[in-house]
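In: got a sequence here, can you build the structure:
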Amino acid sequence: MKPTPLLQSPFKGLALFTPGGDLVYAIDTHKRDRWHLQLCVAVQEILGLPEPPHFLMPCYGATVDRYLDPKTQEIRTIAEVAPAVWRYRAVLSAVFGLEGMRWGMKSIPVELCNPLAMAEYRDRFPQLWKNHDTIVRIDDVGDVAFPPVEEETEVDAEGYIFRLFLRGDSPTTEDTLQRLHQSLDRALGHPYTLKLIDVLKHPQQAEIDRVSATPTLIRVWPQPVRRIVGELDDLDRILGLLGNR
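Out: Sure, this is the predicted structure:
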């Protein structure tokens, strides 16, 4: 593998590893948003997956931000890598032309990379856990159109806003919603809005809310944001999510 020449101009870089060690990455000098979603689609196409593996972000990712410091007018670089792929720092330095760079470790909440959820994905996507000696750079980092998620309507100051992230329309979706509504009705003394979001149709929203496993319930309002990842049957966990007003 020939190292990438060191880029002197600002750029954004993102790398996505599979658990087996394959790598796709992009160097974007235009610093557009949504560019990271291309990598998940690339992994899907390369390995023949039924859907893009958005759940790999951010657990198996690395980022580079090479920018112009407005105070000193010098080019500076921030390079971070997820703990799960920390051992690949030398490979990352080579593909991004950052030899000698000291990489920082990304701080990722444990619930975003839940081992139990990852074990379920391994059963569904065994190709991701095999090494194919693949390193691919995605050159066309264009805009990708995704259906928008409707914004929650403004609620009363005493109300709550929740987002429930699920994967597709499964036979258990209706039961999950019914149990969750029952729990919220029992626990809350205020009106609430519950927005159901399919991560397959709205991967960008899942990325924005840092959702890597389903189901995930997020309390959007009131601040601070809180979340539950996994089963939603435990009323005590839901009470902990609600917290104090």
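
In: for this protein, which segments are assigned as helices?
Out: 35-47, 89-95, 115-124, 173-187, 203-208, 235-242 (DSSP state H).

In: pretty sure residue 95 sits against residue 23.
Out: Yes - counting by CB atoms under 8 Å, residue 95 touches residue 23, with 7.4 Å between them. C-beta: built from backbone N, CA, C; applies to glycine.

In: and the worst-scoring helix or strand of the chain on mean pLDDT, what other elements does it pack with?
Out: Across the helices and strands of the chain, mean pLDDT, DSSP states H and E gives its lowest value to helix 235-242, namely a mean of 71. Judged by 3 or more CB pairs under 8 Å, 6 or more residues apart in numbering; DSSP states H and E, helix 235-242 is in contact with helix 173-187, strand 216-221, strand 226-229.

In: tell me the buried residues in that helix?
Out: 238, 241-242 (16 or more other CB atoms under 10 Å).

In: rewinding a little: for residue 63, which of the helices of the chain is the nearest?
Out: helix 35-47 (8.6 Å; CB to CB).

In: please name the nearest non-neighbouring residue to residue 100.
Out: residue 93 (7.5 Å; CB to CB, 6 or more residues apart in numbering).

In: actually residue 65, sorry about that
Out: residue 78 (4.6 Å).

In: give me the neighbour count for the one you found.
Out: Here the count is done by other CB atoms under 10 Å, and residue 78 has 12 residues near it.

In: do residue 111 as well
Out: Neighbours around residue 111, by other CB under 10 Å: 16.

In: can you check the one 5 residues further on too?
Out: Here the number of neighbours of residue 116 (other CB under 10 Å) works out to 10.

In: tabulate the buried residues of helix 235-242 (a markdown table), appending distance to residue 55.
Out: Shown next, in a markdown table, are the buried residues of helix 235-242 (distance: CB to CB, whole Å):
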| residue | distance to residue 55 |
| --- | --- |
| 238 | 23 |
| 241 | 21 |
| 242 | 26 |
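
In: ok, of those residues, which one's closest to residue 83?
Out: residue 241 (25.4 Å).

In: now do the closest one against residue 24, distance only.
Out: Separation of residue 241 from residue 24 (CB to CB, to the nearest Å): 35 Å.

In: do the same with residue 129
Out: 16 Å.

In: more neighbours, those two?
Out: Legend: neighbour count by other CB under 10 Å for residue 129 and residue 24, higher for residue 24 (22 against 14).

In: contacting residues for that one?
Out: 15-16, 39, 42-43, 46, 134-138 (CB atoms under 8 Å, 6 or more residues apart in numbering).

In: any idea how far it lies from residue 46?
Out: Residue 24 is 7 Å from residue 46, by CB to CB.

In: now list whatever residues contact both of the two.
Out: By CB under 8 Å, 6+ apart, the residues touching both residue 24 and residue 46 are 134, 136.

In: list residues touching both of residue 95 and residue 23?
Out: 15, 135.

In: so residue 233 makes contact with residue 178?
Out: No - between residue 233 and residue 178 there is no contact, the gap being 11.5 Å when judged by CB under 8 Å.

In: touching, residue 181 and residue 193? I think so.
Out: No - Residue 181 is beyond contact range of residue 193, at 11.8 Å (criterion: CB under 8 Å).

In: break the chain down into its domains, please.
Out: 11-137, 160-242 (automatic domain parsing).
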